[in-house]
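Trainee: could you work out the structure for the sequence below:
(2 chains)
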Amino acid sequence: MLKKIKQTWVAYVFLAPTVLAMTAIVFYPLILGITYSFTDLDQYNMGNKFIAPSWQWVGLQNYRDLFSSMTSEFWTVALNTLIWTFTNVFFHFTIGLLLAVLLNRKIKGRAIYRMMMLIPWAVPSFVVAFSWRWMFNSEYGVINLSLLALGMNTVPWLAQKWTAMFAVIITNIWAGIPFMMITLLGGLQSIPKELYEAAEVDGAPAWQQFFQITLPLLKPVAFTATLLGTIWTFNMFNIIYLITQGGPYRQTEILVTYAYQEAFTNWHLGIASTYGVVILSFLIAFTTFYFKIAKQDEAR
Amino acid sequence: MSTLKTMSTTEGPTKLMPLKNKKIKSKKSRGLDILVHMILLVAAFASVFPLLWVLSTSFKPATEVFSNVIRFIPAHPTLDNYHYVLTFKNSIFLTWFKNSFILALLTTIISAFLAATAAYSFSRFKFKGKNTLLFSFLLAQMFPGALLIVPLYSIMKVYGLLNSYTGLVLAYSTASLPFCVMMLKGFFDTIPVELEEAARVDGLSPFGTFWKIVMPLSLPGLSVTCLFSFITAWNEFMFALTFMNGEDLYTLPVGLRIFVNQFQTDWHYMAAGAILITIPVMIVFLWAQKYLISGLTAGGTKG
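Mentor: You can find the predicted model right below:
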């Protein structure tokens, strides 16, 4: 452990710029956003450099509108979000773990495999979206052309709800595997080799070693990686917005894209803020729950 | 590693191990090795295919792009798409490039300064409220951009910061901050504090110590932090889309959308533009990835 210096005023001076910036750009807007969720804010009453804002308080009206299925698509969008997040993180984790285990073996060409598999992570997400949108193109996309070449029918991928959902999920799975793989690989490499040698001596088969040594010791890393992965996937805006723009007929919207469109396509800024608050509450609830499970697990 | 290699091949000398047993084992593991290679090959192919396909598209003339024939190597390769992308509308692509570059550079400078000072404070000092602050930083990483974007938009509208570099740089400067602070804190923790104590004894002020002793020693960590901030800003789409109106003000991600819209999609130009944007980022990323990963895991587990 390091010796800590006790001049606290110096510490505060060093921290001041960051605390100031975080307050102005993150925490103050957060409070403001929560406030807006109780107003009828739109582009006319929000005010600007010359005109004072003139929005009105509406109490819990936005929340009532949001949760009532008569006035909003909230429940559909929420369900989409759950499907989107769960499917993505599930495949990120399982495929990422498989690849990490394979890459952890001493095999020829490991460095090259690793490098190639990291490429999806290095590509900016908007380029990822454009590339896959091109591949899923119904007339000239390589996927439909391949189906034709195999004698099958083409699929209008982005024109119907579930195929469009499939397309965006595949895209995001592709983009998210490298992070999970590389994090889990780091975790695997930190497991002491002696444990496996001892198990080998005891005659434990490979699958038993995997379930009794690898998985339990990987838990802390897996915990952090899946938590981060879930939060990132939940908040992922670019892929869906740039591939389907939430369509067809807003059927592939998830909460963040829906909130964005409410705000800057329909200019219902009050409702959009309400969505924002609901998203944040979801994430906080999920994180708390996740930590609780992890703690119980540790206690066992 | 070399000993393991010789042990797994049958030709290698076998030490002490019974010959029969060894042979059976290596046959089995060779079959397994082939399976492993097959899975890895498929995964590696799937990882690079989309980008290679876009690369191939970028060299195809329109007649080949909009055709029903799958051709991986263009029959008539051309640089026309690149030429078009770089010159259309008075080279507006270069304007977008400039906008993206200036924004990313300013963001990098500001967030490197903020991250370094904050991380130093967290690494070296004991003070009241330290854990609360650290925790709130981590929590901030969870706030969805979709929640912050409305209030930020209204604030910037009131202060006249929409359509300006300043507004966007401010919004970007905190985006990568929690991560950078965690990563640099981990880095500072590895620098022995004795050096600073010696400098203090020699009469340097706390700020002089930081600037003249700590900063030069942490150049590797600092450069990775800078890279991360730069790439985050370079790739950002949602805020740039919302805060910057007018083609001259677009950044690359927003500008690229011009080629892909509902009525007319010029996939060959989009492909050329995408390749021009991606290649520099990708080279830098693959070079810096091992530092990024150690930062990620350190930030996640140490806290």
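
Trainee: which residue lies nearest the spatial centre of the chain?
Mentor: Since you didn't name a chain, this refers to chain A. A:Thr233 (1.2 Å; Cα atoms, centre = their mean).

Trainee: wait, chain B
Mentor: B:Ile231 (4.6 Å).

Trainee: quick check: pLDDT value at it.
Mentor: On pLDDT, B:Ile231 comes in at 86.

Trainee: ok and the residue in the stretch 151-300 of chain A nearest chain B?
Mentor: A:Gly276 (3.0 Å; Cβ to the nearest Cβ). Where C-beta positions appear, they are placed from N, C-alpha and C, glycine not excepted.

Trainee: return the residues in contact with that residue.
Mentor: By Cβ atoms under 8 Å, 6 or more residues apart in numbering or on different chains, the contact list for A:Gly276 reads A:33, A:37, A:259, B:144, B:146-148, B:150.

Trainee: make a markdown table out of those and add neighbour count, pLDDT and secondary structure.
Mentor: Output for the contacts of A:Gly276, formatted as a markdown table (neighbours: other Cβ atoms under 10 Å in any protein chain shown; pLDDT from 0 to 100; DSSP: H, G, I helix; E, B strand; the rest coil):
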| residue | neighbour count | pLDDT | secondary structure |
| --- | --- | --- | --- |
| A:Gly33 | 26 | 92 | helix |
| A:Ser37 | 24 | 92 | coil |
| A:Ala259 | 29 | 93 | helix |
| B:Pro144 | 22 | 80 | coil |
| B:Ala146 | 26 | 81 | helix |
| B:Leu147 | 28 | 86 | helix |
| B:Leu148 | 25 | 92 | helix |
| B:Val150 | 28 | 93 | helix |
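
Trainee: just for the chain, where's the confidence low?
Mentor: Looking at chain A here, since you left the chain open. A:1-7, A:69, A:71, A:300 (pLDDT under 70).

Trainee: wait, chain B was what I had in mind.
Mentor: Using pLDDT under 70, chain B drops low at B:1-28, B:262-263, B:290, B:292-303.

Trainee: which residue does it have closest to chain A?
Mentor: Counting by Cβ to the nearest Cβ, chain B gets nearest chain A through B:Leu147, at 3.0 Å.

Trainee: my read: that residue touches A:Thr274, true?
Mentor: No: with contact defined as Cβ atoms under 8 Å, B:Leu147 does not count as touching A:Thr274 (10.0 Å).

Trainee: ignoring the adjacent residues along the chain, who's closest to the residue of chain B closest to chain A?
Mentor: Leaving aside its chain neighbours, B:Leu147 sits nearest to A:Gly276 (3.0 Å; criterion: Cβ to Cβ, 6 or more residues apart in numbering or on different chains).

Trainee: what helix or strand is the one you found on?
Mentor: helix A:269-299 (DSSP states H and E).

Trainee: what is the distance between that helix and the centre of its chain?
Mentor: 13 Å (Cα atoms, centre = their mean, to the nearest Å).

Trainee: the helix or strand where B:Pro253 lies packs against which elements?
Mentor: Under the criterion of DSSP H and E, B:Pro253 resides in helix B:252-256. Applying 3 or more Cβ pairs under 8 Å, 6 or more residues apart in numbering or on different chains; DSSP states H and E, we find helix B:252-256 packed against helix A:125-135, helix B:80-124, helix B:238-243, helix B:267-301.

Trainee: could you point out the helix or strand that follows the longest one?
Mentor: Along the chain past helix B:80-124, the next helix or strand (assigned with DSSP H and E) turns out to be helix B:130-140.

Trainee: got the contact list for that next one?
Mentor: Contacts of helix B:130-140 (Cβ under 8 Å, 6+ apart): A:15, A:19, A:22, A:26-27, B:122, B:174, B:177-178, B:181-182, B:303.

Trainee: the same query, at a cut-off of 10 Å, please.
Mentor: Identification of contacts with helix B:130-140 by Cβ atoms under 10 Å, 6 or more residues apart in numbering or on different chains yields A:4, A:8, A:11, A:15, A:18-19, A:22, A:25-27, A:30, A:283-284, A:287, B:118, B:121-122, B:127, B:129, B:148, B:174-175, B:177-179, B:181-182, B:185, B:299-300, B:303.

Trainee: what about residue 245, which SS state?
Mentor: No chain was given, so I picked chain A. coil (DSSP: H, G, I helix; E, B strand; the rest coil).

Trainee: not quite, I wanted chain B
Mentor: coil.

Trainee: let me see the contact set for it.
Mentor: Taking Cβ under 10 Å, 6+ apart, one finds B:162-163 in contact with B:Asn245.

Trainee: rewinding a little: please identify the deepest-packed of the helices and strands packed on helix B:252-256.
Mentor: helix A:125-135 (a mean of 25; mean count of other Cβ atoms under 10 Å in any protein chain shown).

Trainee: roughly how far apart are B:Asp80 and A:Val127?
Mentor: Relative to A:Val127, B:Asp80 is positioned 21 Å away (Cβ to Cβ, to the nearest Å).

Trainee: could I get the full set of helices for chain A?
Mentor: A:8-22, A:28-36, A:61-67, A:74-103, A:110-122, A:125-135, A:142-149, A:161-189, A:193-201, A:206-209, A:215-234, A:238-243, A:255-264, A:269-299 (DSSP state H).

Trainee: who does the first one touch, helix- and strand-wise?
Mentor: Right, the one you point to is helix A:8-22. helix B:80-124, helix B:130-140, helix B:165-173, helix B:177-189, helix B:206-209 (3 or more Cβ pairs under 10 Å, 6 or more residues apart in numbering or on different chains; DSSP states H and E).

Trainee: let's see that with 7 Å instead.
Mentor: If contacts are counted by 3 or more Cβ pairs under 7 Å, 6 or more residues apart in numbering or on different chains; DSSP states H and E, helix A:8-22 sits against helix B:80-124.
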